[in-house]
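In: Here's my sequence, what's the structure:
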Amino acid sequence: MFWLGLAALVGGLCLLSQRLARQAADSDQLWLAAAAYSVCLLCWPFSARHWTGWANVLGDLRCWRLARQGFKLARWLQPDWIDAHLGLGTATLTLEPQAQRADAHFMQAYLLRRGTPLWGPGSAALPPGLFLSPEPLAEPPAEPPADAVASAHFAQQWAWLQAQGLLSDAESPLSAQRAHYLQRPPDQAKSSLGTLEATRLTRAYATQGYVTCDDLLQPEVLAALWQSCLRNTFWHHGYTSGYVGAYLDDGLGSPLLYQVAADLQAALPEIFDGQQLIYAWAFKCLSRTSGVALHYDAATVNVNLWLTPTAANVEPQSGGLLLYPQAPPAHWDLGRYQLSQQQMLSLAQEQQALTIAYRQNRAVIFDSRLLHASQPVHFGAAYDQQRINLTFLFGRQPLRYHRKHPLPAHLLS
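Out: Okay, the predicted model is just below:
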């Protein structure tokens, strides 16, 4: 009887501590959240979920070495725990100068979540230590409007892959949330970048907070990244305004992608100033859309690169980027995307937007705090004419895990 009572007491304490930890993390009381998760672990140290929650909070507290150990313990307790692999990838991206080392963790999470795809010919070698699953072990939640956009894109992509001879006619399309085809381009022996005017770019960025760079990539690197975005079925995220997204920790990563980021840091050290790659994504607009809405990015330096040939742009006067050159006040904490759309529109109305025209292999490098949005997009209707932009985010701290809250009113004055 005593032992049953003790077990009930410990179980109740564990549940209360877990609830307190989540509430404290959501309200930015991170040390309280870490303490509450520690109580959870004292009560039941065999939970991968508890170790992952504890490690996530430690990451937000910038204790990444300790956080990595928590993610490792979670993975040891439950090898197929997706969040542990994602956390290990983020911790490794933060702690090690070679971003490629995070690739194995992100790829393992992707395979567990999305299933094992058909590997395209000429793919880069897979990171060592992966175990493959024939079926995804967790289906991501899908909102009907977003899923409809992703599904429409997936059907068009499937037909194009079959027309290219990359998938047989016998294969039938399944879910847009699954991985079906993946061809990972290898890295390059030489620099992935074209000839950059480093002095001009650095001076312009220091003066105005942004700079445009044409012909950023070597032609073969540009072609490899563009073909990767055409072929790979990692476009699992649909948006109601008519575009789909792919993310670094959900299939987008590749040796070549990491090399481009490293080469940018080496070529323009004064712009990146010790910042590291913290995230990357790609967006693909489906022929004619309003594009990506007004936003900013929770990082330090943003590199926005266009991959689709310029000739695919039906309306050359549109399809580019609107950039607002005045940064929000320095006392605004933007690390968790805390500005509402109304607040951003109010700030944008006080400025004259700069229009940066669309051009293939053109990169816009700018302070991530600057508000920006796509111009309306009208590209060709064919699958291989869809507008694709690739975004790299550089900073000192990865994007945060927990729920976002609006900035308090007193900070908006």
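In: show me what contacts residue 69?
Out: For residue 69, the contacting residues are residue 55, by C-beta atoms under 8 Å, 6 or more residues apart in numbering. Backbone N, C-alpha and C define where each C-beta goes, glycine included.
In: For the helix or strand harbouring it, which residues meet the burial criterion?
Out: For residue 69, the host element (DSSP states H and E) is helix 64-77. Residues of helix 64-77 classed as buried: 64, 67, 68, 70, 71, 72, 73, 74, 75, 77 (neighbour count, 16 or more other C-beta atoms under 10 Å).
In: Switch those residues over to TSV; also include distance to residue 258 and pLDDT.
Out: As requested, these are exported to TSV (distance: C-beta to C-beta, whole Å; pLDDT from 0 to 100):
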residue	distance to residue 258	pLDDT
64	19	91
67	21	94
68	19	94
70	25	95
71	20	95
72	22	95
73	27	95
74	25	95
75	22	94
77	29	95
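In: Nearest to residue 306 among those residues?
Out: Taking C-beta to C-beta as the measure, residue 306 lies nearest residue 64 of these, at 32.9 Å.
In: Tell me which stretches of the stretch 51-200 of the chain form strands.
Out: 118-119, 181-182 (DSSP state E, counting those that start in this stretch).
In: cool, the stretch 301-413 of the chain as well?
Out: Listed in chain order, the strands of the stretch 301-413 of the chain (DSSP E, counting those that start in this stretch) span 301-306, 321-323, 354-356, 363-367, 372-374, 377-378, 387-395.
In: In terms of residue numbering, what are the domains of this protein?
Out: 2-119, 145-176+185-329+337-401 (automatic domain parsing).
In: Out of the ones you listed, which is closest to residue 127?
Out: So among the domains of the chain, domain 2-119 is nearest, using C-beta to C-beta, at 3.3 Å.
In: how close does the closest residue to residue 97 other than its chain neighbours get to residue 67?
Out: Of all residues not flanking residue 97 in the chain, residue 276 sits nearest, at 7.4 Å (C-beta to C-beta, 6 or more residues apart in numbering). Per C-beta to C-beta, to the nearest Å, residue 276 is found 16 Å from residue 67.
In: from what I can see the residue nearest to residue 97 touches residue 394, true?
Out: Yes: with contacts counted by C-beta atoms under 8 Å, residue 276 reaches residue 394, the gap being 6.4 Å.
In: Give the residues shared as contacts by the two.
Out: Shared contacts of residue 276 and residue 394 (C-beta under 8 Å, 6+ apart): residue 265.
In: okay, the two: which has more neighbours?
Out: Shown here are residue 276 and residue 394; by other C-beta atoms under 10 Å, residue 394 has more neighbours (24 against 21).
In: Quick check, that one in contact with residue 301.
Out: Yes: taking contacts as C-beta under 8 Å, residue 394 lies within contact range of residue 301: 4.3 Å.
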